[in-house]
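1. pasting the sequence and the predicted coordinates here, then a few questions.
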Amino acid sequence: MKVYDVVPGLEFDPEKDFEQSPAWFLDGTHSVPPWTPMFGWFWISFCRHGMQYGAEKLSLPTVKGWDWRFMNGGGYLTLLLVKSEEEKQRREKRFRKAILPFIEDYDGLWNGFVEEILGRYENLKSLNLDEATNIELLDNFEETINTCRRMWEIHMYMMYGTYTAYILFENMCRELAGIDDTSPLFHKLVSGFDNKVFQVDRKLWECSIRAQKEGLADVFLQNEPADIAAALAKTDKGKAFLKDFMDFMNEDGWRMQRMSEINLPTWVEDPTPALGNVKQFLSKGGDFNLDEKRQKNAEEREAAEKEVLAKVPQEQRGWFEQLMRMAQKCGIFSEEHDHYLDLYTHAMMRRSALGLGKRWAQEGTIDDPEDMFFLIPDEIRRAGINPDQFDMRYIVNRRKAEWEEWQKTPNPPAMLKEGFDLDQAMGVLVQSNDPIALKVVVGAMPEVRPELKADLYGTCGSPGVAEGPARVIMTEDELHLVKEGDILVAATTSPSWTPIFSMIKGVIVDRGASLSHAAIVGREYGIPVVMNVFEGTQKIKSGQRVKVDANMGTVYIQD
Amino acid sequence: MADKWIFWFNELRSEHNDMVGKKCANLGEMVHLGMRVPPGFAISVDGYKRFMQTTGAGKEIREYVRKNKKDLKDAVGKQVEASRFIRDVIQSKPMPEDMKLLLWEYYEQLCEQLQCTDVPVAIRSSGAISMPGQMETYLNVCGKKEIIEKVIQVWGSAFTTRAIAFRLEKNMELDKAPIGVAVLKMVNAKCAGVTLTVLPTTGDLSKTVVEGNWGLGESVVSGEITPDSFIVDKESGKAETTINKKTKMVVYKASGIGIVKVPDDLQEKPCLNKEELEEIVRIAKDVEAHFDMPQDMEWVFDADLYFPENLFWVQTRPAKYTQKKENQDEYLAELMTRIFKM
């Protein structure tokens, strides 16, 4: 019997797909290392759907979202451009109306979506997976598929609308006040705001204070993160602490260790990463420094607002200020959406798939509950109601072997038609005016200034200057290696990296734009961030002394 | 490369941007909107490519860039040198025979159409992607020989130092310049000016503002003189007229443009009569309705032709204006729309 493609209909096919577009880019932020087949199926199917849905709902004048293909565990994407001038004009007309909800009541719009999606999660979680019938388990999985689809619709609709406002604000700052998004003054305008991710970090810090007060600090400090839970369970005080900690996890711990994958446990299943964060707070000591910094950032922001508003002609101030408030929400959205949308939905996917997986393992359909991640929805439907009648191991085994192969060789950064080069492909991205391509994928290109004699040139994500030992971190599971005072060097960062920002002195990332995670969080913590240096993780070795001057966009390797 | 590389403006629309550059595509679009533009034709990007390929200039430039790529990124001095070298290469090549004959054929047809020999034309660059104004324009070009010469010079102007630096900065390929050329009749401007289909200071959309002066439009655009001003109600057509004393105007000189004194008897005379003003407003309203967005437009009346054939349009683009307070949300929506046009 023929084994299905991983993502039927959306597997990369050079012959046909190059006819459609000469350049397909690897989504290096999300699909490195290569995805498990089930996660790939979800992402390719629905991120793609969400982007096209968002672009269409807003009727973006120049772009119809992105198309995606799956290849060897990697996600490859290309833009869908509006082809004729006439259609652009038609879309423009609709866009002017479609964008209004963002302008009229941004908070109402976003909060409404958060409420909707949290309602869906509650509904999914209300099923007791161990006691559910096979039909209920399958229903739960189908509902998870629908939830993921809806999540991506909200995600991309919000992201396109929000980033459009942000880009306009950048342009207007340039036009009216002469500052652009890599200038420190601009960064002051958009920092000093709280968000859900920071609130979770704060709760973790509060746990460290409680551990200190109750004499549990040593349990943390003398154990490896993976052993802390067991060590806590040995005493009554520790048990009580752990119970409250798990309640907190059940509230806010529905997130994945790896931002875009489901084969690692959620914090709810295994609180090791969260307990590791508490340990880091304990060994660092002192206050939750983000509070103090935010206070300072907020004051600086108010001063910056005054300075910039004074440069704007009187009669333009009204709308400029309204636009500025929208742009300021952009950073909050950029962080919060990961928490409420991607991470939470992925946690739901894992929960539902493992619910089925446990049952199937009992019935002998598969060997291990986690083998579910090597199946795709059509296959799950095949055995969903009567798992005892089917043996799915032959598909699991074949896919697992493939997946292991994928891990051995990195996927190429782009698939290009013969005769088409990367520079041309980047040019197309920029010309599309696609807000997500501009603010997250491409970013500003660094200016090489030989007179500065730097080892690497990048752009400023957050202003400041710092010096210290470099710590090159490639994946989330190396985060515990970060020490107080390090300069973090990474390809990119994501929300699960946020807690370490309280310890480090500066950040160097290979890729990023002004709305990338590292830039937003760096600004809140008031540490310098240099972005788009492209080869930081290749040129810098852990332990080398480095100096970052974000204001100039330079990095100096001093050893 | 397409076989056809030369087009009359009425064969073009704005979707031909990549083929002939923005300026030519815009002129084509304006023709289709019922706006009369100075008669002329466009040389496509393929015309440029054909020249570069046939003459071997493209190959020489590629070689040079390949050899000097590293230096070019670092030193401004090198970029100046590269600009000189590349422009010399281009300008040293004669126009291929078949291209020359076709260009002449179009020019002759233009002369015929305007019933005059060696009609003076303006030759302007028309980039397919917007680059800060670094390309050149040649005015008052007359006769077959000079036309060929200036077209080649416009192609060369795609390699000014600033253009080279810009392309390096944006990581664009250096040896490829998607540049089109517009060849259009020089308008012998009687008077010229601008029209906004919105009152820019208050955002009042019920009014159209027309401002004009004798001579070319440059004096109005640059704000050097106080022009005549006509504020016309779009609904009723009623005009609020302010005639100012216009002492200076801009005219074409043998090369380029210059400022001269306005003859005494014209200084306090309105530069537009009633029917000319009405014709401007009529077309402006149509164009605004087509784009569904207030427009900022430039017009010229030709002294050699008769009304209404003497009204030419040279530009239309979205207008910038202060919005009314109550329309702030809509105004922001409109500004957001514009960022997709960059």
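-> Nice, thanks for sending it over.

2. where does pLDDT dip in the chain?
-> If you meant another chain, say so; for now it's chain A. A:1-3, A:286-289, A:440-445 (pLDDT under 70).

3. that was the other one, I meant chain B.
-> Looking at chain B by pLDDT under 70, you get B:1-2, B:130-135, B:171, B:254-256, B:322-326, B:342.

4. close to chain B: what parts of chain A are there?
-> Within chain A, the positions lying close to chain B (CB under 8 Å from any CB of the partner chain) are A:60-62, A:84-86, A:88-89, A:92-93, A:95-97, A:99-100, A:103-104, A:164-165, A:167-168, A:171-172, A:315-316, A:318-319, A:322-323, A:423-424, A:426-427, A:430-431, A:433, A:445, A:447-448, A:450. For glycine as for every other residue, the C-beta is placed from the backbone atoms N, C-alpha and C.

5. now the buried members of the residues you listed.
-> A:60-62, A:88-89, A:92-93, A:95-96, A:99-100, A:103, A:164-165, A:167-168, A:171-172, A:316, A:319, A:323, A:424, A:426-427, A:430, A:433, A:445 (16 or more other CB atoms under 10 Å in any protein chain shown).

6. so which of those residues are in helices?
-> A:88-89, A:92-93, A:95-96, A:100, A:103, A:164-165, A:167-168, A:171-172, A:319, A:323, A:424, A:426-427, A:430 (DSSP state H).

7. which residue packs closest to the residue nearest the centre of chain A, ignoring adjacent ones?
-> The centroid of chain A falls nearest to A:Ser494 when counting by CA atoms, centre = their mean (4.8 Å). Of all residues not flanking A:Ser494 in the chain, A:Met259 sits nearest, at 4.1 Å (CB to CB, 6 or more residues apart in numbering or on different chains).

8. name the SS class of the one you found, please.
-> coil (DSSP: H, G, I helix; E, B strand; the rest coil).

9. so how far is A:Asn250 from it?
-> Counting by CB to CB, to the nearest Å, the gap from A:Met259 to A:Asn250 is 21 Å.

10. for the two, indicate the residue with more neighbours.
-> A:Met259 (20 against 12; other CB atoms under 10 Å in any protein chain shown).

11. show me what contacts that one?
-> Residues near A:Met259 by CB atoms under 8 Å, 6 or more residues apart in numbering or on different chains: A:30, A:338, A:342-343, A:476, A:494-496.

12. those: which two are farthest apart?
-> A:Asp342 and A:Glu476 (14.2 Å; CB to CB).

13. can you pull the domain assignment for the chain?
-> You didn't say which chain, so I picked chain A. A:1-98+A:410-441, A:196-290, A:443-557 (automatic domain parsing).

14. not quite, I wanted chain B
-> B:6-185, B:189-341.

15. need those in CSV with mean neighbour count, can you?
-> Shown next, in CSV, are these (neighbours: other CB atoms under 10 Å in any protein chain shown):
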stretch, mean neighbour count
domain B:6-185, 18
domain B:189-341, 18
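
16. so which of these gets nearest A:Gly276?
-> Using CB to CB, these put domain B:6-185 closest to A:Gly276, at 40.8 Å.

17. the closest one and chain A in contact?
-> Yes. Counting by CB under 8 Å from any CB, chain A is contacted by domain B:6-185 at B:13-15, B:17, B:29, B:73-74, B:129, B:169-173.

18. farthest-separated two in those residues?
-> B:Arg13 and B:Asp74 (42.4 Å).

19. ok so A:Val6 is a strand residue?
-> No. Judged by three-state DSSP, A:Val6 forms no part of a strand; its state is coil.

20. contacting residues around the residue nearest to it when sequence neighbours are not counted?
-> Closest residue to A:Val6 apart from its sequence neighbours, by CB to CB, 6+ apart: A:Pro37 at 4.5 Å. A:Pro37 makes contact with A:6, A:73, A:373-376, A:399, A:402-403, according to CB under 8 Å, 6+ apart.
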